[in-house]
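Undergrad: Have a look at this prediction, sequence included:
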Amino acid sequence: MSSLVYINGEAVTIPKAWEGSSLLEFLREFQGLTGTKYGCGIGACGACTVHLDGRAARACVFPVTTVAGRQVTTIEGLAGEDLHPVQQAWLEYNVAQCGYCQPGQIMTAAALLAENAAPSEEDIADALDSNLCRCGTYTRIRQGVARAAEIARSGT
């Protein structure tokens, strides 16, 4: 029996052959959504962060069958017709260096702003604490999140 998962708003059947896969493998290999990155494979680095029912979640640690019936949003599904405020801020502040961790950073930041429209510097640091960046762009990432909160609140 196949299960359904909702990925970026679309119902997707989980084929029996993929039932032993992680959500990350399913997204990247079966769905072709390669924006979600493989980092550590144990949920420690944040490169694979997606939204699961609106909350940040590490896709590498969820068996795909455990997300049946749930809403998964990847970096590819974050923006609508316009960029998400976090994506706008990332461009404005030139946040990315190599870019590998950035989808996870962006998805974590977007989940934070969905819960807290006016995060403090401490809130931002706490939310992003377990998302690793090998290039060390943490200052720009945190500035980008603060700017994204401003954009979201003001629309500019």
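TA: Looks like it arrived, so ask away.

Undergrad: Now do the same for the residue minimising distance to the centre of the chain: helix, strand or coil?
TA: What sits nearest the mean C-alpha location of the chain, by Cα atoms, centre = their mean, is M107, with 2.7 Å. For M107, the assignment made with DSSP: H, G, I helix; E, B strand; the rest coil gives helix.

Undergrad: Okay, it and D82: tell me how far apart.
TA: For M107, the distance to D82 (Cβ to Cβ, to the nearest Å) stands at 17 Å. Quick note: C-beta positions are derived from backbone N, CA and C, even for glycine.

Undergrad: Quick check: can you list the domain ranges of the chain?
TA: 3-78, 85-154 (automatic domain parsing).

Undergrad: Now render those domains as a markdown table, adding mean pLDDT.
TA: Listed next are the domains of the chain as a markdown table, based on pLDDT from 0 to 100:
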| stretch | mean pLDDT |
| --- | --- |
| domain 3-78 | 97 |
| domain 85-154 | 95 |
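
Undergrad: Report all helices and strands that the lengthiest helix in the chain contacts.
TA: Longest helix in the chain by number of residues (criterion: DSSP state H): helix 138-154. Applying 3 or more Cβ pairs under 8 Å, 6 or more residues apart in numbering; DSSP states H and E, we find helix 138-154 packed against helix 85-92, helix 102-115, helix 121-128.

Undergrad: So V5, which state does it fall into?
TA: Look at V5: counting by three-state DSSP, its state is strand.

Undergrad: Compute the first-to-last residue distance for stretch 38-51.
TA: Stretch 38-51 has an end-to-end distance of 16 Å (Cα to Cα, to the nearest Å).

Undergrad: how about that stretch: buried residues?
TA: In terms of neighbour count (16 or more other Cβ atoms under 10 Å), stretch 38-51 has its buried residues at 38-39, 43, 45-51.

Undergrad: Correct me if wrong, but G77 is in a strand.
TA: No: membership of G77 in a strand is not supported by three-state DSSP, which gives helix.

Undergrad: List the residues that contact it.
TA: G77 makes contact with 7-9, according to Cβ atoms under 8 Å, 6 or more residues apart in numbering.

Undergrad: got those as JSON lines, with distance to T156 columns?
TA: Converted to JSON lines, the contacts of G77 look like this (distance: Cβ to Cβ, whole Å):
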{"residue": "I7", "distance to T156": "31"}
{"residue": "N8", "distance to T156": "27"}
{"residue": "G9", "distance to T156": "27"}
